[in-house]
Every structure is written in C-alpha cells, then in structure tokens.
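Colleague: Below are the sequence and a predicted model; questions follow.
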Amino acid sequence: MNCTSNYSKSGFAKVIVFDMDSTLIDAETIDELAGAAGVAEKVAEITNLAMNGKLDYGQALSERVNLLKGLSLKDAQEAVDKMPLMPGAKELVKYVKDAGYKTAMVSGGFTLSTDRIGKLLGMDYVFSNELIVNGGHLTGDVTGPLTKQNSKEHVFEEIARQNGVKPEECVVIGDGANDICIFEKAGYSIAFNSKEILREYADVVITQKNLKAVIPVIQALD
C-alpha cells in the first residue's frame, strides 16, 4: 500500500470520481457486447492491450466497437443488463454520499450500461460514450466525450470546475491504463482491482475485490 499523495486535509473537497468497468461493476461492458456479437476473443485481446497501456485507448475503442457492427440493439441491451455490480459498490457509494461527497462515474463504456448503473447507484454525474444505432442494429461507430486517449482528464477537470474545486482536491478510483491521466491530476487516487501499470500512480492499491475495502481509506481522509 503506497500512502504518498498530493492530498491535504486543508482545503480538501468532497468530490469522488469512479471508473465503471471492473470498478463499480464486475464486468467489462465491451467484452459482454463482444460475447453477444460472437467476437469475444478478438475484442478481449484488444481490451487487454489497451488496459495494460500497450495500445492507444482511442484506437482500441474504435477497433473494438467496429467489431460490434450488426449486433442488434435488443441483444446488446440484454447483454449489458446482466452485468453485476462489484461487491461492495452500493455500500461504498452510500457511505461517500452520506459523508457529503459529490459522486461522478466517468466511463469509456456506453450509455446502454452507464444509464442503468448510474441510476442504480444514485450518481450525481455520469459521463460515457454512446454507440450509434441504425435500423435497430449497431453501426460499429461510437460518439461521446470519452473516445480519446486522455479524454477522462478533460471530463475530470470539468467535473471539478462545476463543483468549484481543483482536480487536486478530488479523489479518484479506477483500474486501468486509461485512468492514469486522472490519477496524475487528482489529490488522492485509489487503484482498485487494477492492472499493474496503474498501481505505480496510485496513493493506495486495493487488491481485495470488494469495494467495501475502500471505506476505511475514505474514512482516513475525512
């Protein structure tokens, strides 16, 4: 557990930003959609490269979404609706909300899943991408605020701005290489269930696959 950080109790703002895939949910949305489309192996390979920092995130997203072309919206929705919350997700989010935190979910995933998860957990902010649909089927295209390598950084900065605080006054929780940009900006960063590449940027690394393990970390910040 690495306890060095930019965090200081003086001036600390109660804003916490979560990743979704493999953080708030125990699944990767793109992989579940790939399974429904019959391209699971191809997409999983690209996902693994991207999350370990071996492939540009924007390129990886475009390639994976293109492989989903032709999948019916009905089948896509059914696939993502089956994705479970990460153990402890409800408990952690309830704790931070009761403690006065503003909560945000910033995901490179898609509105097909983020709308449901955000509502289920009562998130104050939800940012994600949208799969383009035509004639009831995915076109293989994607649009939204999180389609580039460091898109999360810009969204994170906007959330901080809307709350009248600086990024270094916020807490972030994530698991993959595309979270590095916000880990470098945040005042306190928590790597949960994470890829090795992200751990060197984290103030705390949690390997236990239950988000309730994050609660004592947040308590220590208050």
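Modeller: Right, received. Where do you want to start? Numbering: from 1, shown residues only.

Colleague: ranges for the strands of the protein?
Modeller: Taking DSSP state E as the criterion, the chain carries its strands at 15-18, 102-110, 125-134, 137-143, 171-174, 188-192, 204-206.

Colleague: These: which one's closest to residue 76?
Modeller: Nearest to residue 76 among these is strand 137-143 (6.3 Å), distances taken as Cβ to Cβ. Yep, even glycine has a C-beta here, placed from its N, CA and C like the rest.

Colleague: Pull the residues that contact that closest one.
Modeller: Among residues not part of strand 137-143, those counted as contacts by Cβ atoms under 8 Å, 6 or more residues apart in numbering are 61-62, 65-73, 76, 110, 129-133.

Colleague: Now tabulate the strands of the chain in JSON lines and tack on mean pLDDT and distance to residue 49.
Modeller: As requested, these are arranged in JSON lines below (pLDDT from 0 to 100; distance: least, Cβ to Cβ, whole Å):
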{"stretch": "strand 15-18", "mean pLDDT": "97", "distance to residue 49": "23"}
{"stretch": "strand 102-110", "mean pLDDT": "96", "distance to residue 49": "14"}
{"stretch": "strand 125-134", "mean pLDDT": "98", "distance to residue 49": "19"}
{"stretch": "strand 137-143", "mean pLDDT": "98", "distance to residue 49": "18"}
{"stretch": "strand 171-174", "mean pLDDT": "97", "distance to residue 49": "18"}
{"stretch": "strand 188-192", "mean pLDDT": "97", "distance to residue 49": "19"}
{"stretch": "strand 204-206", "mean pLDDT": "97", "distance to residue 49": "22"}
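
Colleague: could those be laid out in a markdown table, adding mean neighbour count and distance to residue 151?
Modeller: Formatted as a markdown table, the strands of the chain follow (neighbours: other Cβ atoms under 10 Å; distance: least, Cβ to Cβ, whole Å):
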| stretch | mean neighbour count | distance to residue 151 |
| --- | --- | --- |
| strand 15-18 | 27 | 13 |
| strand 102-110 | 25 | 8 |
| strand 125-134 | 18 | 9 |
| strand 137-143 | 17 | 12 |
| strand 171-174 | 28 | 13 |
| strand 188-192 | 26 | 18 |
| strand 204-206 | 19 | 24 |
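
Colleague: For the residue of the chain positioned farthest from its centre, give me its contacts.
Modeller: In the chain, the residue that sits farthest from the middle, by Cα atoms, centre = their mean, is residue 135; the gap is 29.2 Å. Applying Cβ under 8 Å, 6+ apart to residue 135 gives no contacts.

Colleague: which parts of the worst-scoring helix or strand of the chain on mean pLDDT are buried?
Modeller: Across the helices and strands of the chain, mean pLDDT, DSSP states H and E gives its lowest value to helix 40-51, namely a mean of 89. Residues 43-44, 46-47, 49-51 are the ones in helix 40-51 that count as buried (16 or more other Cβ atoms under 10 Å).
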